[in-house]
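Student: Give me the fold of what follows.
(2 chains)
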Amino acid sequence: MNSMQHIDLHGSLVGPDDLILVTGAGGFIGSRLVARLLDLGFRRVRCLARQPLDPARFNGDAAHVEVVQGNLLSPDDCAAAARGAAVIFHLAAGRGEKSYPDAFLNSVVTTRNLLDAALAQGALRRFVNVSSFAVYSNVGKPRRGVLDESCPVEQRPELRGDAYSFAKVKQDELVAEYGRKHGLPYVIVRPGYVYGPGRDGITGRVGMSPFGIFMHLGGSNTIPFTFVDNCVEAMIRAGITKGVDGHVFNVVDDDLPSSRGFLRQYKRHVRPFRSIYVPHAACYALCRVWEWYSDWSEGQLPPLFNRRSWHAYWKSTRYSNDKIKAQLGWTQPVPTAEAFDRYFRSCREKRAHA
Amino acid sequence: MLRIAIVGCGKIADAHAAQIRRIDGAEIVGVCDREPLMAQQLAERFAVSQHFSDVGQMLAGATPDVVHITTPPASHFPIARQCLQAGCHVYVEKPFTLDAIEAEALLALAATRGLAVTVGHDDQFSHVARRMRALVRTGYLGGPAVHMESSYCYDLTDPGYARALLADRNHWVRRLPGKLLHNIISHGIARIAEFLESDSPQVFAHGFTSPRLRQLGEDGLVDELRVIIAEEGRTAYFTFSSQMRPALHEFRVFGPKNGLVLDQDEETLIKLPGARLKSYAAKFVPPVRTARQHIGNVATNARTFLGRDFHMKAGMKNLIETFYRSIDGATAPPIPHREILLTARIMDAVFEQLDRRSPQAETEVPAPRRRAAR
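Tutor: A predicted model of the protein is given here:
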């Protein structure tokens, strides 16, 4: 975190002795978030995690970290975790793999439990709901249009063929509903693809290997990357900046690479492998045919690829981070070139030790 | 039009809803889950008009003819009993109940009320399982089965279920009498039960926790199980393993004349002729014949796929359809009640033996004495 900027807590929504709760603290983003909160001087950081966590893992003063082991499906665990929390960073979510009920249960039901507990204990000043770019529809946008916070969210997420996207849409709806009905002070943070040391996969926006060979689907598209430390910085600002209740913030870095550029760098710096480029038109046609066949065959092939998913993931789109800059005062702490350098290095090291 | 309801809106309920939707003459009229949000999400995704968080209200409000029970196993018995008492036919996901006593009570209640009951042993209704059953009925085995080998393995690195179980010390699976085994092995045991004639075969079970699971601190979960089942003139082996590869889902049945091998994952059925060729012909001709059978299986699977009937849950659809047809009594129930009960009894015997024999208490063959150094 050496390259991180100082965030002035003076005049912020909370002070260093206010209690901060982080759910999903053992995860890729959550652990960096906790480390950064400690780095900023917060002295009461509570981590909720399913598995036991060593407070020393966050590279800060372990005495400032309280670990609560629990499950968000348990209202009692939620009550214990939320007690006295002034800000909640809610990162825990169920990816669900291919199961809609699993993703929904571990994203929406858990969020409802946490919200009920947070509202009941009465100390909450900000609920930071960590969402995803996966909620955006992007259907009505022209090619190379700008995707920002004003873009519509998927209206029929069950048709996307993506359990995670469905669950995240429903989670966001729930949080907004609690805002309207119960006066929940919330913000929604929607990161693009969060990368960094500890996550070595390639986002499906670049491509995938459904049949053993990598299909490059992104082509010249800009990929909405955000380096984990940069993303964490935006989340913290969203959690402590006054006057932004009810706002949505997209998080992407500056100087985003194209899919092709990223893939070239990845092959050069991490490992070479064969890939086949699938042009945009062919990718769209494939999604269209797959969608048709899935319907016609009554689900003999699951609807993983369809026009909605093409618009959301593979249509040429530009991304804006103007709002986090203007309203949260975010500037990118780790420049993109340095971020990718760190990322590729960690990927290489992981492969070397595999 | 049959009015269908689903109780329990978790992962397997999705599969039920998807297959019911493909069946003519059936309509899902209500879904129910103790967690209202779960009921709501299933209703939304499958365009079901009503959702409930209470079974009684669902029975009264949706007035279903058939209820599919897809809750965790501990609640199968009370919910199925409630549905039967309300005059509904019930399809209960596997395992049917927690034990044979509950199974017997449910089956008796259904018989008294003239209602249909089945259990979700859908693997037995996959295309390949039906092909095998048809072949057995033609007398291919040459008489009653002599021996069976059923393997039903589970890869604990599977992200969906196993990771959730291993990460959660309070997972409901851990509270079942047979824990992990209880929720999985009935598919493989039921295949054997189909061929047994006695109602009380002998059962010898040996189970242990794999070293890999011990490393993860999971001493209480048995994930390796070997069972011998025996009755007059017939034996069977059952294997459950989380560690062996390939993680087989295979059934072998041998008659006095021929045998059959069913591979559930590959959906292949291979005939094992009992007659032996002579001399070197035995080395060359049978492999060619087996290769031809494999090609035949590929062709059959391809035909089924092209015919849009090769869904991952094709067995479930067939079982549900067959069950619905049996409701008016025109056809026999897809799974005989005797077979449901026998499966439960065998599982009871397995879990009782695993409970009784802790690993330390097992008799070991004494190690040979060391010879004195010369």
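
Student: residues from the stretch 151-300 of chain A in reach of chain B?
Tutor: Contact residues (Cβ under 8 Å from any Cβ of the partner chain) of the stretch 151-300 of chain A with chain B: A:E158, A:K170, A:W296, A:S297, A:E298, A:G299, A:Q300. C-betas here are computed from N, CA, C, even on glycine.

Student: quick check, nearest of these to A:L21?
Tutor: Taking Cβ to Cβ as the measure, A:L21 lies nearest A:K170 of those, at 22.0 Å.

Student: I'd say the closest one and A:R156 touch.
Tutor: No: using Cβ atoms under 8 Å, A:K170 makes no contact with A:R156, being 12.0 Å away.

Student: Compare those two (neighbour count), which wins?
Tutor: A:K170 (24 against 12; other Cβ atoms under 10 Å in any protein chain shown).

Student: Now whatever helix or strand the more buried one lives in: buried residues?
Tutor: Assessed by DSSP states H and E, A:K170 sits inside helix A:163-182. For helix A:163-182, burial by neighbour count (16 or more other Cβ atoms under 10 Å in any protein chain shown) applies to A:163-172, A:174-176, A:178-179.

Student: Share the number of residues neighbouring A:I223, please.
Tutor: Using other Cβ under 10 Å: A:I223 sits among 24 other residues.

Student: same thing with the one 3 residues further on?
Tutor: A count of nearby residues for A:T226, using other Cβ under 10 Å, gives 28.

Student: Doesn't it lie inside a helix?
Tutor: No: looking at A:T226 with DSSP: H, G, I helix; E, B strand; the rest coil, it is strand, so not inside a helix.

Student: how much space between A:F214 and A:I202?
Tutor: 8 Å (Cβ to Cβ, to the nearest Å).

Student: out of the two, which sits in the busier spot?
Tutor: Between A:F214 and A:I202, counted using other Cβ under 10 Å, the more crowded position is A:I202 (22 against 19).

Student: so where's the stretch 1-150 of chain A uncertain?
Tutor: Along the stretch 1-150 of chain A, the parts satisfying pLDDT under 70 run over A:1-6, A:95-97.

Student: er, chain B actually
Tutor: For chain B, the stretches with pLDDT under 70 are B:158-163, B:357-374.

Student: Point out the residues in it that sit beside chain A.
Tutor: B:9-11, B:13-14, B:18, B:21-22, B:35, B:37-38, B:41-42, B:44-45, B:159-160, B:164, B:167-168, B:170, B:305, B:308-311.

Student: and those residues, which are buried?
Tutor: B:9-11, B:13-14, B:18, B:21-22, B:35, B:37-38, B:41-42, B:44-45, B:164, B:309-311.

Student: Filter the residues you listed down to the ones in helices?
Tutor: Among those, the members found in helices (DSSP state H) are B:K11, B:A13, B:D14, B:A18, B:R21, B:L37, B:M38, B:Q41, B:L42, B:E44, B:R45, B:A164.

Student: A:F28 contacts A:G198, correct?
Tutor: Yes: assessed by Cβ under 8 Å, A:F28 is found in contact with A:G198 at 5.1 Å.

Student: Give the residues shared as contacts by these two.
Tutor: Common contacts of A:F28 and A:G198, defined by Cβ atoms under 8 Å, 6 or more residues apart in numbering or on different chains, comprise A:V228.

Student: quick one: the helices in the stretch 201-350 of chain B?
Tutor: B:211-215, B:281-306, B:314-327, B:337-356 (DSSP state H, counting those that start in this stretch).

Student: So for the second one, what gets flagged as buried?
Tutor: Yep, that's helix B:281-306 we're talking about. In helix B:281-306, counting by 16+ other Cβ under 10 Å, buried: B:Q293, B:N297, B:T300, B:N301, B:T304.

Student: What angle do helix B:314-327 and it make with each other?
Tutor: Helix B:281-306 runs at 70 degrees relative to helix B:314-327, counting by axes from the mean of the first three to the mean of the last three Cα atoms, to 10 degrees.

Student: Measure how far helix B:281-306 is from the centre of its chain, please.
Tutor: When distances are taken as Cα atoms, centre = their mean, to the nearest Å, helix B:281-306 is centred 27 Å away from the chain's centroid.

Student: Once you drop chain neighbours, what's closest to the residue in the stretch 201-350 of chain B that chain A sits nearest to?
Tutor: Closest to chain A within the stretch 201-350 of chain B is B:R308: 4.4 Å, counting by Cβ to the nearest Cβ. Leaving aside its sequence neighbours, B:R308 sits nearest to A:S297 (Cβ to Cβ, 6 or more residues apart in numbering or on different chains; 4.4 Å).

Student: cool, B:M148 as well?
Tutor: B:A236 (4.0 Å).

Student: same check, this time on A:P191
Tutor: According to Cβ to Cβ, 6+ apart, the nearest residue to A:P191 is A:V251 (4.3 Å).

Student: Tell me, how many residues neighbour the one you found?
Tutor: A:V251: 27 surrounding residues under other Cβ under 10 Å.

Student: ok, back up a step: filter the residues of the stretch 151-300 of chain A next to chain B down to the ones in helices?
Tutor: Going by DSSP H, the helices hold A:K170, A:W296 from these.

Student: where in the stretch 201-350 of chain A is pLDDT low?
Tutor: Ranges of the stretch 201-350 of chain A meeting pLDDT under 70: none found.

Student: can you pull out the strands in it?
Tutor: A:207-208, A:214-216, A:225-227, A:248-251, A:275-277, A:317-319 (DSSP state E, counting those that start in this stretch).

Student: which one of these is the most hemmed in?
Tutor: strand A:225-227 (a mean of 26; mean count of other Cβ atoms under 10 Å in any protein chain shown).

Student: Can you give the contact residues for that one?
Tutor: Strand A:225-227 has contacts (Cβ under 8 Å, 6+ apart) with A:191-196, A:234, A:251-253, A:256-257, A:262, A:334, A:336, A:339, A:342-343.

Student: cutoff 7 Å now
Tutor: Outside strand A:225-227, the residues that touch it by Cβ atoms under 7 Å, 6 or more residues apart in numbering or on different chains are A:P191, A:G192, A:Y193, A:V194, A:Y195, A:G196, A:V251, A:V252, A:D253, A:L256, A:V334, A:A339.

Student: buried subset of the residues you listed?
Tutor: Burial by neighbour count, 16+ other Cβ under 10 Å: within the contacts of strand A:225-227 this picks out A:P191, A:G192, A:Y193, A:V194, A:Y195, A:G196, A:V251, A:V252, A:D253, A:L256, A:V334, A:A339.

Student: Excluding chain neighbours, what is closest to the third one?
Tutor: Looking back up the chat, that one is A:Y193. Counting by Cβ to Cβ, 6+ apart, the residue nearest A:Y193 is A:T203, at 4.4 Å.

Student: any idea how far A:V135 is from that neighbour?
Tutor: Counting by Cβ to Cβ, the gap from A:T203 to A:V135 is 16 Å.

Student: now B:G8
Tutor: According to Cβ to Cβ, B:G8 stands 28 Å off from A:V135.

Student: Which secondary structure elements does the helix holding A:K170 sit against?
Tutor: Judged by 3 or more Cβ pairs under 7 Å, 6 or more residues apart in numbering or on different chains; DSSP states H and E, helix A:163-182 is in contact with helix A:100-104, helix A:110-121, strand A:126-130, strand A:186-191.
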